[in-house]
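Q: With the input below, show me the fold.
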Amino acid sequence: MNNQVWVNDVWKSFDGGRIEVLKGVTLEVTQGEIVALCGTSGCGKSTLLNVISGLEEVDRGMVRVAGRDVVEESTRVDLLRHHIGYVFQLHHLMPDLTLAENCMVPVIAAGGHRKDGWARLHELAQATGVTHRLGQRVRELSGGERQRGALVRSLMNNPELLLCDEPTGALDESNREKVFELLLDLVRERGRTLIMATHDPELAGRCDRTVRMRDGRIEGEASHG
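A: Numbering: from 1, shown residues only. Predicted coordinates for the structure are as follows:
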């Protein structure tokens, strides 16, 4: 299978180089694979997702997504608009817009047809159980509904790659399980690639592979049959 993500000897620091976060990370993820990034807070999981998405530029090393170098700003923007979906731990939805308006933002930003966008929105809303909440403002929704809405938004442009940063970390146990199962079902039935940062070994064990990070480095991995 083709490599969907290729990260080679990537270094990333902040505060003028005084805080090293990624220290020579190398990672390959094949198309359709579901990978969990595990490790304690501060080990570099979120930063690795951000450099893969192009939200953060690397100091050294190379990152390719779908065979394209994540170097030029125009490439990063195009990948985020058309090829990458991102689900954050805190949903990052705009509270005073309705759920439907939030979910349509990626379609509009990518120059898509609104009619097609509305059709896809209703398909995904039905699959995630939020159809009855599309007209509600985000500030009126529960935590579980907001995270389901964030999942819908991330899939609106049918991305090949989905990046998730602790997508269930802010939810209670019941909603955590529902959202995680929904995430896996949506990714697997569409044959998409998923890289998910999580501190939960139980959730990680239900992915195809676990990659363990520590102190900015990858220290090992395990495949799950």
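Q: Tell me how many other residues crowd residue 199.
A: Per other CB atoms under 10 Å, the neighbour tally for residue 199 reads 15. All C-beta atoms are positioned from the backbone trio N, CA, C, and that covers glycine.
Q: Skip the chain neighbours and tell me the closest residue to residue 13.
A: residue 20 (4.6 Å; CB to CB, 6 or more residues apart in numbering).
Q: Give me the contacts around the helix or strand harbouring that neighbour.
A: Applying DSSP states H and E as the criterion places residue 20 in strand 19-30. Outside of strand 19-30, the residues within contact range by CB atoms under 8 Å, 6 or more residues apart in numbering are 1-14, 35, 44, 47-48, 51, 58, 61, 193, 195, 211, 213, 215-218.
Q: what mean pLDDT does that strand have?
A: The average pLDDT for strand 19-30 rounds to 95.
Q: What pairs with that strand, parallel or antiparallel?
A: strand 3-14 (antiparallel) (DSSP bridges).
Q: Just the CA coordinates for the partner strand, please, in PDB.
A: Provided in PDB are the C-alpha atoms of strand 3-14 (Å, rounded to 0.1, in the frame of the first residue of the first chain):
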ATOM      1  CA  ASN A   3       2.400   5.700   2.300                       C
ATOM      2  CA  GLN A   4      -0.200   8.300   3.200                       C
ATOM      3  CA  VAL A   5       2.100  10.000   5.700                       C
ATOM      4  CA  TRP A   6       6.000  10.000   5.700                       C
ATOM      5  CA  VAL A   7       7.900  11.800   8.400                       C
ATOM      6  CA  ASN A   8      11.700  11.700   8.300                       C
ATOM      7  CA  ASP A   9      14.000  12.900  11.000                       C
ATOM      8  CA  VAL A  10      11.800  15.700  12.100                       C
ATOM      9  CA  TRP A  11      12.900  18.200  14.700                       C
ATOM     10  CA  LYS A  12      10.700  21.000  16.100                       C
ATOM     11  CA  SER A  13      11.400  23.500  18.900                       C
ATOM     12  CA  PHE A  14       9.800  26.500  20.400                       C
END
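Q: averaged over its residues, what pLDDT does it have?
A: Mean per-residue pLDDT for strand 3-14: 93.
Q: Which positions within that strand qualify as buried?
A: 3, 4, 5, 6, 7, 10, 11, 12, 13 (16 or more other CB atoms under 10 Å).
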